[in-house]
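Participant: return a 3D structure for these sequence lines:
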Amino acid sequence: EAEAKAKRGMMTALVAMLVSILGGIAAFSLVIRRSIVEPTNVLVGELQRLAQGHIGNSLHIQASGEIGSLARSTETLRGELVTVIGKAQQSSEAVLQGSDDLLLSAGEIMRETDQQSQIAASLASTMEEMSAVIRAVADDASRVSLEAMHAKESTVAGQQLVSSLIQDVQDVAHRLSETN
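Facilitator: I've put the predicted structure just below:
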């Protein structure tokens, strides 16, 4: 009977130890779950929301250590995304406004082009009449050009002759003044 009591005592001690170990494992699992698994799952969910384009809401993850650091970095990233997307929207609005302005300008240019086209059509008959005159002027232009070149050559020769004559007169005047 002492042996049976000893066995029961040992079994009770083993069961108590096993229960203690299982309780420790359960407590450790609970701590791991609350400090790592749950914040990680929340962070993964928030990252998925960010990937889907939902960047308007701040992340509220209560965690410390590496998970907390990762959550803070993710919040910083989200804030930067909001800023970059805001700037991109402003740029897009500016481009859209510029596009609208260009469209208005193009409309005005088209109206002015139509007016100019009407004016050009009314001038077409006048241009046809002037075409014959222009052909005659073009034919005479080369002849006039040659005559102008000859006139220029004659003018240059005349200038040289006049310059030479002036020099001769000055020389004569100078000699006369020396003789007097």
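Participant: gap between the helix or strand harbouring residue 75 and the chain center?
Facilitator: With the criterion set as DSSP states H and E, the secondary-structure element containing residue 75 is helix 65-179. Distance of helix 65-179 from the chain centroid (Cα atoms, centre = their mean, to the nearest Å) equals 28 Å.
Participant: who are the packing partners of the worst-scoring helix or strand of the chain on mean pLDDT?
Facilitator: Lowest by mean pLDDT, DSSP states H and E among the helices and strands of the chain is helix 38-51, with a mean of 84. If contacts are counted by 3 or more Cβ pairs under 8 Å, 6 or more residues apart in numbering; DSSP states H and E, helix 38-51 sits against helix 65-179. For every residue, glycine as well, the C-beta is placed using N, CA and C.
Participant: got the angle for the helix it packs on vs helix 38-51?
Facilitator: For the pair helix 65-179 and helix 38-51, the angle between their directions (axes from the mean of the first three to the mean of the last three Cα atoms, to 10 degrees) equals 40 degrees.
Participant: using the three-state scheme, assign residue 59.
Facilitator: Counting by DSSP: H, G, I helix; E, B strand; the rest coil, the backbone at residue 59 sits in coil.
Participant: burial check on the spatially closest residue to it that is not a sequence neighbour, number of neighbours?
Facilitator: Spatial nearest neighbour of residue 59, excluding adjacent residues (Cβ to Cβ, 6 or more residues apart in numbering): residue 75 at 4.6 Å. As a burial measure, the neighbour count of residue 75 was computed by other Cβ atoms under 10 Å and equals 15.
Participant: and for residue 61, the neighbour number?
Facilitator: For residue 61, which is what you asked about, the neighbour count (other Cβ under 10 Å) is 19.
Participant: contacts made by the least confident helix or strand of the chain with the rest, please.
Facilitator: The contact list for helix 38-51 (Cβ atoms under 8 Å, 6 or more residues apart in numbering) reads 57, 59, 61-63, 67-68, 70-71, 74, 77-78, 81.
Participant: per-residue pLDDT of residue 84, please?
Facilitator: Confidence at residue 84, expressed as pLDDT, is 90.
Participant: what comes up buried for the least confident helix or strand of the chain?
Facilitator: Using 16 or more other Cβ atoms under 10 Å as the burial criterion, the residues of helix 38-51 that qualify are 39-40, 42-43, 46-47, 50.
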